[in-house]
Structure formats: C-alpha cells, structure tokens
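**Student:** 3D model of this:
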Amino acid sequence: MPSPKLQIGLVLFPNLTQLDLTGPAEVFGRLPGAQVHLLWKDLDPVSADRSMRILPTTRYDECPPLDVICVPGGAGQIELMSDQQTLDFLRQAAKTCQLITSVCTGSLVLGAAGLLKGYRATCHWSSIDQLGLLGAVPVHERVVQDRDRLTGAGVTSGIDFALSVVALVAGEEVAKEIQLQMEYDPRPPYDVGSPRSAPAELLSRTKDKMSSFIERRRAATILAAGQAYLTAIE
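**Tutor:** Next up is the predicted model:
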C-alpha cells in the first residue's frame, strides 16, 4: 500500500497578496509526498490584490482532511474576517491538522476564527498589535511557532515560514534541499525591510501612507474580536 500523501491546504481568497500564497505554495509543491490544495468556495479564478488571477484547485466542501492549513494575508483579509463560511471551514479543518498556520495578516483571520487564543503569533509589522485584540500574544519575529501554530510575518517571510513547516513535517535535510533547489539566498539591495532597520523618516512616511487602510483593518479586527467572543460563549 502506498503511504498517504501529506495534505496541505492554502486558502485562496479574493484580493489576497499573491506572494503570501505563492511563496509557500512553491516550497510545499517541492515537498515529496505532499498534495497542495488551493482552497476556495468555488473553482472560479480568484483575483489577487495586484491583478494576478489564480485558479483554486479544491472547494471547501470537497476538501479532504488536512495535515496543514495555511491562511495568507492581503487586503481581502478584512472581508474574510467576517466570512462565516470561511471561519467555519477553518475551525473544522483545524481539527485534523498537525499544523495550523498563516502568513502575514492571515494570522488575523486565524484569530477571528478563534484559533490563536493564548498562542504566540506574528503578523505584518503594520498590524501585529491587532493580534492582541483577538487573544493572541504578538511576537515581533519573522517566523513564530507555538505548539501546533506556526505564523509568518509580512509577505516575503512566506518562504522562510514554509521552509520551517517542511522542517517540522519532513525534517531539516528535506527543507535544506528545497531551499537549495530554489536558490533561496536573499541579499536585498537595501537594509530597510523591517521597522527595526528602516530609518525613522522612511518608517514614518510609510506608516502615514498606510494609515487609513490600517485603521480600516483595525475596525474589522475589533468587530471580529467581538464576534469571536460571542461564538465562544454560545
């Protein structure tokens, strides 16, 4: 009898940041014995937040029991936090998972589903404080593991995150092989990729440009926190 495939699901939702999804999908797709599902409510093309259109492979209602579930982030995460069909799916899928995971602001969706209460987690630097509203413990690290929860920080951390997942489910040597296959050897041209390294003026200017959107996200997080509380006491 052949051994069962490792079932990995990534939620593919409208207006997501494609690299949050495609970075991990590239890593997971190279994992021997893994079957990767791009999950949504239907199989129609889904538009990412930078115009790319991506095809789901598996509907929620036909998804097999998963070993790993991953929620990416992006602007569409705001609507996803009040999408009861998705939140219910995540709660159900989590019951079979070895790892419950996210990249970027996908951790806020996990929080809205009640799956991060009491867990250390990370998020994009601009919104990491919002995790506390959902009962999680914010941690300013690129990849954070707390028991069976694994979360990645903003966008580009998805590859680091996915290699960490592979190390957990298949061993470090497999993760190293995949990193080498991908020639993942990042050397960014500027040392400004984090608030810890960016000059104060650049950080301030960037925050100002993002401020109205971050407040819209915060309002959605506050609403989701209230809904999660009501669900918990029902």
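
**Student:** please count neighbours and contacts with C-alpha atoms only from this point.
**Tutor:** OK.

**Student:** list the helices and strands the helix or strand of the chain with the lowest mean pLDDT packs on?
**Tutor:** Sorting the helices and strands of the chain by mean pLDDT, DSSP states H and E puts helix 200-233 at the bottom, at a mean of 90. For helix 200-233, the elements it packs on are helix 77-80, helix 106-112, judged by 3 or more C-alpha pairs under 8 Å, 6 or more residues apart in numbering; DSSP states H and E.

**Student:** any idea which of those is most buried?
**Tutor:** Stretch with highest mean neighbour count among the helices and strands packed on helix 200-233: helix 106-112 (a mean of 31; mean count of other C-alpha atoms under 10 Å).

**Student:** tell me which residues are up against it.
**Tutor:** Contacts with helix 106-112, where a contact means C-alpha atoms under 8 Å, 6 or more residues apart in numbering, come from 71-74, 77, 80-82, 87, 90, 101-102, 116-117, 121-123, 130-131, 134-136, 151, 221, 224-225, 227-228.

**Student:** which of those fall within strands?
**Tutor:** Members of these lying in strands (criterion: DSSP state E): V71, T101, S102, A121, T151.

**Student:** I'd say the last one and L99 touch.
**Tutor:** No: shown here, T151 and L99 do not form a contact pair, counting by C-alpha atoms under 8 Å, at 10.0 Å.

**Student:** out of the two, which sits in the busier spot?
**Tutor:** Neighbour totals were compared for T151 and L99, and T151 leads with 35 against 22 (other C-alpha atoms under 10 Å).

**Student:** who's that one bridged to?
**Tutor:** On the basis of DSSP bridges, T151 is bridged to S102, V144.

**Student:** return the residues in contact with M81.
**Tutor:** L87, L108, V109, A112, A113, A220, T221, A224.

**Student:** where's it relative to I159, distance?
**Tutor:** Distance, M81 to I159, by C-alpha to C-alpha, to the nearest Å: 24 Å.

**Student:** swap in L108?
**Tutor:** 19 Å.

**Student:** would you mind putting the CA coordinates of stretch 83-91 into PDB?
**Tutor:** Provided in PDB are the C-alpha atoms of stretch 83-91 (Å, rounded to 0.1, in the frame of the first residue of the first chain):
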ATOM      1  CA  ASP A  83     -16.900  35.500   6.300                       C
ATOM      2  CA  GLN A  84     -18.600  32.900   8.400                       C
ATOM      3  CA  GLN A  85     -18.300  30.100   5.700                       C
ATOM      4  CA  THR A  86     -14.500  30.500   5.700                       C
ATOM      5  CA  LEU A  87     -14.200  30.800   9.500                       C
ATOM      6  CA  ASP A  88     -16.400  27.700  10.000                       C
ATOM      7  CA  PHE A  89     -14.300  25.900   7.400                       C
ATOM      8  CA  LEU A  90     -11.000  26.800   9.200                       C
ATOM      9  CA  ARG A  91     -12.400  25.700  12.600                       C
END
